[in-house]
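Chemist: Provided below are the primary sequence and the corresponding predicted coordinates.
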Amino acid sequence: MLDVITGFVGELRAAGLPVSLTESLDAADAVHHVPLEDREALKYALAATLVKSSAHWKAFETAFEVYFAVRGPQFAIGEDEDADEGSEDSGPRGEGDQRGQGRGQGGGGEGLTPEELAEMLFKALLEANEAQLAALARQAVSRYAGMEPGRPVGGTYYLYRTLRNLDLDGVLARLLETARAEAPTGTLTPLEERLARDEFGERLARLRKEIEDEIRRRLVADRGTEALARSLRKPLPEDIDFMHATREELTALRRAIHPLTRKLAVRLARKRRHGRKGPLDFRSTVRHSLSTGGVPLEPKFRYPRPAKPEIMVIADISGSVAAFARFTLHLVHAISSQFSKVRSFVFIDGIDEVTRFFEHGDDVAEAIHRINTEADVIWVDGHSDYGHAFSVFWDRFGQEITPRTSVLFLGDARNNYHASQAWVVHEISLRARRVFWLNPEPRAYWGTGDSIVGEYAVHCDEVFECRNLRQLERFVEELA
Amino acid sequence: MTDGDGSAGEVTGSGGQLLGPLGFPDPGEPRFDSVADVRERLAASGYLADDGIAGVVHLADRLAKPVLVEGPAGTGKTELAKSVARITGARLIRLQCYEGLDESKALYEWNYKKQLLRIQAQRVVADEGTASPDGPARAGSAWQDLEDDIFSEEFLLARPLLEAIRSKDPVVLLVDEIDRLELETEALLLEILSEYQVSIPELGTVRAHRIPLVFLTSNNTRELSEALKRRCLYLHLDYPSLDREREIVKTRVPGITAELADQVARIVRSLRTLELKKHPSVSETLDWARTLVVLGVESIDAEQAKDTLHVLLKYRSDLDRAAKELALVPTEP
């Protein structure tokens, strides 16, 4: 057991979770107090001692599923179906029992035609029959995923193959239809329809998870724990690269950014209040000395009120860096109370001010959506042209930059070989308080191909590599 | 000075009666038999825990470790501590954290006014004493006595943390909203959380008789220090699952029908899938269910939902979005 825990902790560390020595000792201690045959209890015991942040839960769960996978001969890939059945009936492992049962109700399952399988799946979903769902997920995997031992493809490939054959969208539509038919009036109100859709959606998600688990179990059996854990390792939300985030990762990012803004705002407000003390407040000192008989025992100081910076954000929102610009705009506007003024401009080859989208209402997500649809940023062909965008910016808004303004450029400076017009950045740097450039590309790529970040960089106070939330957060804190 | 008179926790200079052979704190007699036991007793007191929650409470008892409970507002973090206190028959001692909380309000404070009075009284006695021949020598020993005297427990004002440690009867210590403390002040808690003792320079170390169950809650407005997290078990309380929420509504709202409870739970779940500024919390769900019961609603339709939605959602933009998404307002064709 100790070996397993050590290996598991090693895997968590490799996935980026900070697990200290005392925590792993605690974990080893904790497993004494839970019944080992109860997998869920073990999971919570390990989670409580090893994972200290909810953002890391997902990574923990993946590692746990791999390291403490339910094992047994029934999960071998490509095994003879008969042997498969036999081992299951004996129910050697905790979950095997339940599965066996579900299977029993389903009536064997091996000899089913695809239509029958789909029909049973539909019924199980309709009745939310968990045991049956698990059994069918298992069945679907062995039938459709086409897993071969030793084949070096990821689990997502098998998942995709299985799901494609099950046609879950069609199943959802059918479920809704049935729900409609069963309603007393023969039709659902829009509210009921929506609720039913969410309900079935959740059941489908559960099925999907069952299938994923099943595939993972088989992969563990095939490739061994450590190899699989390595291939399933995913970056933590704060380490996800903006430029190469998948759709799922973007959702995770969006969810992560909300608490982040709250934290930042609290931290910045505190920093402002608890900043260093200002000059002696003579009046207050004398006033307080009265309580000690005129002896000024305790000097009083004025608290400085540091001026809040004014921010201008100029963001490239062309395809390659759109996600990055979105998150930065989101973050800056969400903590706009920490700045005296925030103005945002977006460009591709034309430039447009988008501050107005953030003014009405407080829904930042909505504002970002409107930027994508309404902002007028295309001048000729919709390929990034920093030079043109900057010169237009200078003509239209250059006069509004004051010595209190910090200017923030966001973009990868991939200019499609247009003229750089770097003089604009130079002029801006003469007028503005500070000029920063945030580049979402790894530093190693700067200046390669059509990237001309170097030409702009010489006029900026500083250029930052800003590829993930962690770096972005650090920068924004420094800015305010 | 050791052991005191039994009215307080043990005061010792050093040593570790509460530590087991391996240096882990000795948890003493188990408070619960098993995870299932925790769960049943919590349920009996009106708190419906899932396996994760019950498991962590059980572990906290067995490992003698504090529990750090984190999660969105209104998911029953504080309620958990209260319920545990109720089922173990312990007194709940609560420390509400806020910015600017310091040692003298969290741990202990010397009652300096009383000390001042004591010194004044001594001086009166001393003035009378100087007339006698052996004056100086007596004055010296008098000072010694005085010092021992004014730094004794009589002059100590126990604040929540010390009180929890000193208490003879079982206590549950709740440190609420610990994320409101400044990072530096957090260090105050470290000695208590790992050793269950408080060091008072003038008195010695006060140890707990019985290690109390400790709950720390946090709304996650800032990252807590590693040192603190390391000493705690971590429990993330998220919004409950559909089934659990339905049960919670049924238990906590008297007079609600099963059908209405189901509808409430389902609508709330759908709301939580939307991208809102603030998702409805469990306490808001309960408020909403109570509102519906008071209004005599048997089964929610779109109209009633729309009219009472403001109990659940507190932002204009959230209300609009929810009404639109859940099709509570008729859409133009």
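Modeler: Nice, thanks for sending it over.
Chemist: Apart from its chain neighbours, what residue comes closest to residue 146?
Modeler: You didn't say which chain, so I picked chain A. Nearest residue to A:Gly146, sequence neighbours excluded (Cβ to Cβ, 6 or more residues apart in numbering or on different chains): A:Arg161, at 6.2 Å. Placement of C-beta: from N, CA and C, glycine included.
Chemist: that's the wrong chain, I wanted chain B
Modeler: B:Leu146 sits nearest to B:Gln122 (Cβ to Cβ, 6+ apart), 5.3 Å away.
Chemist: what about that neighbour, neighbour count?
Modeler: Other residues within reach of B:Gln122, judged by other Cβ atoms under 10 Å in any protein chain shown, total 17.
Chemist: Which helix or which strand is home to it?
Modeler: helix B:112-129 (DSSP states H and E).
Chemist: and that helix, what does it pack onto?
Modeler: helix B:135-150 (3 or more Cβ pairs under 8 Å, 6 or more residues apart in numbering or on different chains; DSSP states H and E).
Chemist: tell me the mean pLDDT over whichever helix or strand comes after the helix it packs on?
Modeler: Remark: after helix B:135-150, the chain's next helix or strand is strand B:156-158, criterion DSSP H and E. Mean per-residue pLDDT for strand B:156-158: 87.
Chemist: Report the buried residues of strand B:156-158.
Modeler: Applying a neighbour-count criterion of 16 or more other Cβ atoms under 10 Å in any protein chain shown, one finds B:156, B:158 buried in strand B:156-158.
Chemist: And the helix or strand just after it, how far out from the chain middle?
Modeler: From strand B:156-158 onward toward the C-terminus, using DSSP H and E, the following helix or strand is helix B:160-166. A distance of 13 Å separates the centroid of the chain from that of helix B:160-166, by Cα atoms, centre = their mean, to the nearest Å.
Chemist: do stretch A:237-252 as well
Modeler: Using Cα atoms, centre = their mean, the offset of stretch A:237-252 from its chain centre is 5 Å.
Chemist: repeat for stretch A:329-345
Modeler: 22 Å.
Chemist: and it with chain B, contact?
Modeler: No - using Cβ under 8 Å from any Cβ of the partner chain, stretch A:329-345 stays clear of chain B, with a minimum separation of 10.5 Å.
Chemist: now could you export just the CA positions of that stretch as PDB?
Modeler: This file holds the C-alpha atoms of stretch A:329-345, laid out as PDB (Å, rounded to 0.1, in the frame of the first residue of the first chain):
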ATOM      1  CA  LEU A 329      -9.700  42.300 -21.400                       C
ATOM      2  CA  HIS A 330     -11.900  40.300 -19.100                       C
ATOM      3  CA  LEU A 331      -9.400  40.500 -16.200                       C
ATOM      4  CA  VAL A 332      -8.600  44.200 -16.600                       C
ATOM      5  CA  HIS A 333     -12.300  45.200 -16.800                       C
ATOM      6  CA  ALA A 334     -13.300  43.000 -13.900                       C
ATOM      7  CA  ILE A 335     -10.900  44.800 -11.700                       C
ATOM      8  CA  SER A 336     -11.500  48.200 -13.300                       C
ATOM      9  CA  SER A 337     -12.400  49.600  -9.800                       C
ATOM     10  CA  GLN A 338      -8.700  49.500  -9.100                       C
ATOM     11  CA  PHE A 339      -8.000  51.800 -12.000                       C
ATOM     12  CA  SER A 340      -9.200  55.400 -12.400                       C
ATOM     13  CA  LYS A 341     -10.100  54.700 -16.000                       C
ATOM     14  CA  VAL A 342      -9.900  51.800 -18.400                       C
ATOM     15  CA  ARG A 343     -10.200  52.300 -22.100                       C
ATOM     16  CA  SER A 344     -10.000  49.400 -24.500                       C
ATOM     17  CA  PHE A 345      -9.200  49.300 -28.200                       C
END
